[in-house]
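# Okay, predicted coordinates and the sequence, questions at the end:
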Amino acid sequence: MNRESIDWRGPMVAVITPFDRDGNIDEANFSSNVRRMFDNRATGIVVGGCTGEFWALSHDERCHLFQLGVKSAEGRGTVIVGTGAVTVEETIQLTSEAERTGCNGALILPPYFVQLTEDQLFHHYKNISAAVNIPIMLYNIPGNAVNAITPALAARLADLDRVVAIKESSGDWNNFYATLVMVKDNIRVFCGPSSLYGAPAVSLGADGTIDCFPNIWAPGGMDLYYSTLEGRTAESQNLQATGQKLTELFTSGGRSLYPATKAAMDLLGYFGGNPRSPLMPLKGQVLKELQNGLVTLGILNEEQKPMPK
């Protein structure tokens, strides 16, 4: 398999996993959010990744979420699910379940916590590739996973049979660009932090974007890709500036990305709900500042502002 074995492209959304008041996966609100993403021209969804709080889900919940993702997408686009785990055995189990439930691909980040050499990382992915039949998207997110898929390692992994794409979420432009140059002829490259530099990434040949911000910024998060691809430069630049301001707003002043995303959805009238422990919901001043920031950016209307809790 290689980049021509799949048709993945365009703006995909890393969707949240909403939980109800009892702490269970809220299927109705999950499906509603997925439909909203496709209504706003998303080409696919990524389910149970970092935005989807995979680390807080049990094995059975992750497998259930795979089924829910396929069901909710209703055939409208690509469904890629996060199947990464620390051990190769659990990663193979989850990836095989993703294949069984009809997912289009598996997003696999490196083993986390324990520091590994590049050879150890290569053999981890080699063993997975040999054991599954579903297309694999590599996931480079060293800020969360500790272990990095360097451009050189990405080039080695691109030769594995099941590897067809990479989500490059290092947040480092130089690393992203080096990876793009080294692997784009073999596998598809998706820009993870498209809010930071999605426009130049797409201009230089990235196949698409995968970001959490469309959960609260639709269609803007998708239009960032389309305006760049279609040469609407002024629009693309304006959207990129908004994405950068959103990133700063969501990751400063005592806020972190995933709880802020859910809080913003609630403020906008969608259902984000609470994140799972150890993450905590936004309250008080940090929530009020998020609300005010969304108004300033024109994403939340002054008239629709609810009172922060």
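Everything's here; your move. Quick caveat, the model's predicted, so the values are computed rather than measured.
# What's the mean pLDDT across stretch 81-93?
The pLDDT scores in stretch 81-93 average 98.
# for stretch 222-236, same thing?
Taken as a whole, stretch 222-236 carries a mean pLDDT of 98.
# Would you mark the buried spots in it?
Neighbour counts over stretch 222-236 (16 or more other C-beta atoms under 10 Å) mark Met222, Asp223, Leu224, Tyr225, Tyr226, Ser227, Thr228, Leu229, Glu235, Ser236 as buried. Every residue, glycine included, has its C-beta placed from N, CA and C.
# Need those in JSON lines (columns: distance to Ala98 and secondary structure).
Formatted as JSON lines, those follow (distance: C-beta to C-beta, whole Å; DSSP: H, G, I helix; E, B strand; the rest coil):
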{"residue": "Met222", "distance to Ala98": "24", "secondary structure": "helix"}
{"residue": "Asp223", "distance to Ala98": "30", "secondary structure": "helix"}
{"residue": "Leu224", "distance to Ala98": "28", "secondary structure": "helix"}
{"residue": "Tyr225", "distance to Ala98": "25", "secondary structure": "helix"}
{"residue": "Tyr226", "distance to Ala98": "28", "secondary structure": "helix"}
{"residue": "Ser227", "distance to Ala98": "32", "secondary structure": "helix"}
{"residue": "Thr228", "distance to Ala98": "30", "secondary structure": "helix"}
{"residue": "Leu229", "distance to Ala98": "29", "secondary structure": "helix"}
{"residue": "Glu235", "distance to Ala98": "36", "secondary structure": "helix"}
{"residue": "Ser236", "distance to Ala98": "34", "secondary structure": "helix"}
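# quick check, nearest of those residues to Leu246?
Leu224 (10.9 Å; C-beta to C-beta).
# Please name the residues that touch that closest one.
Leu224 makes contact with Pro11, Ser194, Ser195, Gly198, Ala199, Thr209, Ser236, Leu239, Gln240, Gly243 under the criterion C-beta atoms under 8 Å, 6 or more residues apart in numbering.
# and Lys126, how many residues sit next to it?
Residues lying near Lys126 (other C-beta atoms under 10 Å) number 18.
# Distance check, the residue lying closest to it once chain neighbours are set aside against Gln120.
Nearest residue to Lys126, sequence neighbours excluded (C-beta to C-beta, 6 or more residues apart in numbering): Leu160, at 6.0 Å. Per C-beta to C-beta, to the nearest Å, Leu160 is found 15 Å from Gln120.
# More neighbours: which of those two?
Leu160 (19 against 13).
# So the more buried one: helix, strand or coil?
Here Leu160 is coil, with the state taken from DSSP: H, G, I helix; E, B strand; the rest coil.
# hang on, the earlier thing: which of the contacts of Leu224 fall within strands?
Applying DSSP state E to the contacts of Leu224, the entries found in strands are Pro11, Thr209.
# which ones are touching Glu99?
Glu99 is in contact with Ala106, Val132, Asn133, Ile134, counting by C-beta under 8 Å, 6+ apart.
# Nearest to Ala260 among these?
Ala106 (27.2 Å).
# Just give me how far the helix or strand containing the closest one sits from the chain centre.
Using DSSP states H and E, Ala106 maps to strand 105-108. Distance, stretch centre to chain centre, for strand 105-108: 11 Å (C-alpha atoms, centre = their mean, to the nearest Å).
# What are the buried residues along the next helix-or-strand element following that strand?
As assigned by DSSP H and E, the chain's next helix or strand after strand 105-108 is helix 118-131. Across helix 118-131, burial judged by 16+ other C-beta under 10 Å covers Leu121, Phe122, His124, Tyr125, Lys126, Ile128, Ser129.
# Moving C-terminal from helix 118-131, which element do we reach first?
Immediately after helix 118-131, counting by DSSP H and E, sits strand 136-140.
# For that next one, name the packing helices and strands.
strand 105-108, helix 118-131, helix 151-157, strand 163-168 (3 or more C-beta pairs under 8 Å, 6 or more residues apart in numbering; DSSP states H and E).
# Pull the contacting residues for Pro151.
If you count contacts by C-beta under 8 Å, 6+ apart, Pro151 has them with Asn175, Ala178, Thr179, Val181, Met182, Val183.
# same thing but at 10 Å, please
Shown in contact with Pro151 (C-beta atoms under 10 Å, 6 or more residues apart in numbering): 140, 168, 170, 174-183.
# Could I have the buried ones of those residues as PyMOL selection syntax?
Of the contacts of Pro151, the buried ones can be selected in PyMOL as follows, counting by 16+ other C-beta under 10 Å:
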select buried, resi 140+168+170+175+176+177+178+179+180+182+183
